[in-house]
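Enquirer: Turn this into a structure:
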Amino acid sequence: MGAAVAIATITKRQGWDVALVEFCDFMRKLPVEYGFADCVLFAAGAVEVQTGADFAAPHRGKYADEAGARAYMASLGWADVDDVVDAHLPRVDVRMRRRGDILLFEGPFGKSLGVCLGRWACVLATEGAGLIKSTPALAAWRVG
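Expert: You can find the predicted model right below:
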């Protein structure tokens, strides 16, 4: 059971689609760094560029490595990254995903979040953001 956080009703801003592509392009240059460029902050950044809602603001600077991130999530009642997103956005059937939605994937290092770009999703990798097919997503959350 996660921390009690009201799920926000948010709407997408005009030009969100261009802003999202620019955000993903920018993230391609940044390697994964917990507390700065990790999958949760990446997903929150994708939400922010689309809507203006900054869900990560109260959480920045609270951890600096994977162990710290897990301990911080646990301190808020979140067992994993999907619990974090559940606390902020409405979950939708993954088959109903659409451009801009947050997606959950299972990879070689466990669960991670990405953003749907249609048939493709932008996700963080060790060396920066990249694209993978969106079809293997395990879960989806609606943004706007």
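Enquirer: Please look at Leu104 and Asp82 and confirm they touch.
Expert: Yes: between Leu104 and Asp82 there is a contact under CB atoms under 8 Å: 5.3 Å. Backbone N, C-alpha and C define where each C-beta goes, glycine included.
Enquirer: So for the two, which residues contact both of them?
Expert: 111, 139 (CB atoms under 8 Å, 6 or more residues apart in numbering).
Enquirer: and stretch 70-80, average pLDDT?
Expert: The pLDDT scores in stretch 70-80 average 96.
Enquirer: how about Gly68, what does it touch?
Expert: 34-35, 62 are the contacts of Gly68 under CB under 8 Å, 6+ apart.
Enquirer: actually Thr126, not the one I typed
Expert: Counting by CB under 8 Å, 6+ apart, Thr126 makes contact with 31-32.
Enquirer: Now do it against Leu89, distance only.
Expert: Distance, Thr126 to Leu89, by CB to CB, to the nearest Å: 26 Å.
Enquirer: Determine the number of other residues adjacent to Pro31.
Expert: 12 (other CB atoms under 10 Å).
Enquirer: actually Phe105, not the one I typed
Expert: If you count neighbours by other CB under 10 Å, Phe105 ends up with 18.
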